[in-house]
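Asker: Make a model of this:
(2 chains)
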Amino acid sequence: MAEIHVDVRGETCPVPLVEMRKAVKKAQPGDVIEIIGNNAASKKEIPMAADALTLKVESIDETDGIWKIRILK
Amino acid sequence: MAEKTTIIVQSGDMDKLYSALIVSNGSLAMGMEVSLYFTFWGLLRLQKGGLNKGPLSKMNFGGLGKKMMLGRMKKNNVASLERLMSDFKELGGKVIACEMTMDIMGLTRADLQEEYIDEYGAVGTYVQEARNSAITLFI
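Answerer: Numbers count the residues shown, from 1 in each chain, chains lettered A, B, ... in the order given. Model prediction:
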């Protein structure tokens, strides 16, 4: 049950989605992928992608424009 | 079977190649399969060193407009076409090169960036890919 950190702060479309997908691909079932970024659209779209990949979004937090999304594989 | 996006990349313009690769990478990220069918001016972007050679589709102004656009893209931290292409391949995207265009343009496989290309085909290959696709685009 590893925790994988993906930092896409400063990155714009489509990089946050792509980096999330790469991390999910490499993760093992049970691993948590935590993505941190500040692209506003990605905050909505990463959970959409997780849903499409039938993965569970554990939490979505945001402070001062920086969001953090945790996905369980 | 996963849902699929199939795009005909007919234009060799830089901005249109961006559109094609961004939609493709978004599709892959959201769990779809993707096939890109490069034909006509689009195929020229698969020549060795050709990925960045396309002009802007509008306001290119002999390359000056493109230069300005690239500057603005860099300022906004937009990924390069190389990066988008390498992500595309890493996420399992498929590239098909149109053989008829190769004949017309006098290009051989050795002229093309072969590590990008998964298959060489004609219209039948495209139709076979597109008939089961949820998203099909012509760019």
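
Asker: For the rest of this, base every contact and every neighbour count on C-alpha atoms.
Answerer: Will do.

Asker: List the contacts of the nearest residue to A:Leu55 once chain neighbours are set aside.
Answerer: Once flanking residues are discounted, A:Leu55 sits nearest to A:Lys73: 5.8 Å by Cα to Cα, 6 or more residues apart in numbering or on different chains. The contact partners of A:Lys73, taken as Cα atoms under 8 Å, 6 or more residues apart in numbering or on different chains, are A:Val24, A:Ala27, A:Gln28, A:Pro29, A:Gly30, A:Asp31, A:Val32, A:Ile33, A:Leu55, A:Lys56.

Asker: Recalculate using a threshold of 7 Å.
Answerer: Neighbour list for A:Lys73: A:Val24, A:Gln28, A:Pro29, A:Gly30, A:Asp31, A:Val32, A:Leu55 [criterion: Cα atoms under 7 Å, 6 or more residues apart in numbering or on different chains].

Asker: of those residues, closest to A:Pro16?
Answerer: A:Val24 (12.3 Å; Cα to Cα).

Asker: Am I right that the closest one sits in a helix?
Answerer: Yes. Using DSSP: H, G, I helix; E, B strand; the rest coil, the secondary structure at A:Val24 is a helix.

Asker: Ramachandran angles for A:Ala27?
Answerer: phi -70, psi 160 (degrees, to the nearest 10).

Asker: Mind pulling up the pLDDT for it?
Answerer: If you check A:Ala27, the pLDDT there is 96.

Asker: now the strands: where do they sit in the chain?
Answerer: Going with chain A. For chain A, the strands defined by DSSP state E cover A:3-8, A:32-37, A:56-63, A:66-72.

Asker: The intended chain is chain B.
Answerer: Ranges of strands within chain B are B:4-9, B:33-38, B:94-98, B:119-121, B:135-138, based on DSSP E.

Asker: burial count for the residue nearest to B:Asn60 when sequence neighbours are not counted?
Answerer: Leaving aside its sequence neighbours, B:Asn60 sits nearest to B:Lys66 (Cα to Cα, 6+ apart; 5.4 Å). If you count neighbours by other Cα atoms under 10 Å in any protein chain shown, B:Lys66 ends up with 20.

Asker: Any idea how many residues pack against A:Leu72?
Answerer: 21.

Asker: check contacts around it.
Answerer: A:Gly30, A:Asp31, A:Val32, A:Ile33, A:Leu55, A:Lys56, A:Val57, A:Glu58 are the contacts of A:Leu72 under Cα under 7 Å, 6+ apart.

Asker: just to revisit the earlier point, what about the residue nearest to B:Asn60, distance to chain A?
Answerer: Counting by Cα to the nearest Cα, to the nearest Å, the separation of B:Lys66 from chain A is 20 Å.
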